[in-house]
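1. for reference, the sequence and a predicted model appear below.
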Amino acid sequence: MGTAGAGLGSAFRELKKTERNRRVLRATLSGFQAFGKSVSKVIGQLWHEVTGFLFLCIAVIAGGAAYREYVAYQAGKIGPAKVGLAAVVTLMFLYFGVSNFRRARK
């Protein structure tokens, strides 16, 4: 009976270790999940900010082209279609840039 009691005691101690290991493993996994969510949120925000900045840069470049087209239109060298197209492209990229910065704030 003495050896059987010692066997049960060691089995119980091993079971307690296993339960403790499971809790530690669950806590570690929970920590990694929280870290992963935080990092993915930051990476998403950075992505929106970088793409928004690039779209705003393209809008500025397209705005300069729209201005040049308008000056050429005023001089009678081109028709209004090119000015309109340049203005639409400028507004489109301006919208994309602003909307990306708004998404980054969410």
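-> The structure has been received and is ready for your questions. Numbering: from 1, shown residues only.
2. C-alpha from now on. contacts and neighbour counts both.
-> OK.
3. so which strand or helix has the residue positioned nearest the centre of the chain?
-> With distances taken as CA atoms, centre = their mean, the residue of the chain nearest its centroid is Gly44 (0.9 Å). Taking DSSP states H and E as the criterion, Gly44 maps to helix 2-74.
4. just to revisit the earlier point, so the residue nearest to the centre of the chain sits against Lys106, correct?
-> No: contact criterion CA atoms under 8 Å: Gly44 and Lys106 do not qualify, at 10.3 Å.
5. tell me how far the helix holding Gly44 lies from the chain's centre.
-> 10 Å (CA atoms, centre = their mean, to the nearest Å).
6. which elements pack onto that helix?
-> Packing partners of helix 2-74 (3 or more CA pairs under 8 Å, 6 or more residues apart in numbering; DSSP states H and E): helix 80-105.
7. chain center to the helix it packs on: distance?
-> 21 Å.
8. what does stretch 98-106 give?
-> Offset of stretch 98-106 from its chain centre (CA atoms, centre = their mean): 10 Å.
9. how about that stretch: buried residues?
-> Neighbour-count burial for stretch 98-106, with 16 or more other CA atoms under 10 Å as criterion, is recorded at Val98, Asn100, Phe101, Ala104.
10. OK, contacts around the closest residue to Phe53 other than its chain neighbours?
-> Ranked by CA to CA, 6 or more residues apart in numbering and with sequence neighbours excluded, the top spatial neighbour of Phe53 is Gly97, at 6.3 Å. By CA atoms under 8 Å, 6 or more residues apart in numbering, Gly97 lies in contact with Thr51, Gly52, Phe53, Leu54, Phe55, Leu56.
11. output the lowest mean pLDDT helix or strand found in the protein.
-> Of all helical and strand segments in the chain, the minimum by mean pLDDT, DSSP states H and E falls on helix 2-74, at a mean of 85.
12. specify the angle between it and helix 80-105 in degrees.
-> On the basis of axes from the mean of the first three to the mean of the last three CA atoms, to 10 degrees, helix 2-74 is oriented at 160 degrees to helix 80-105.
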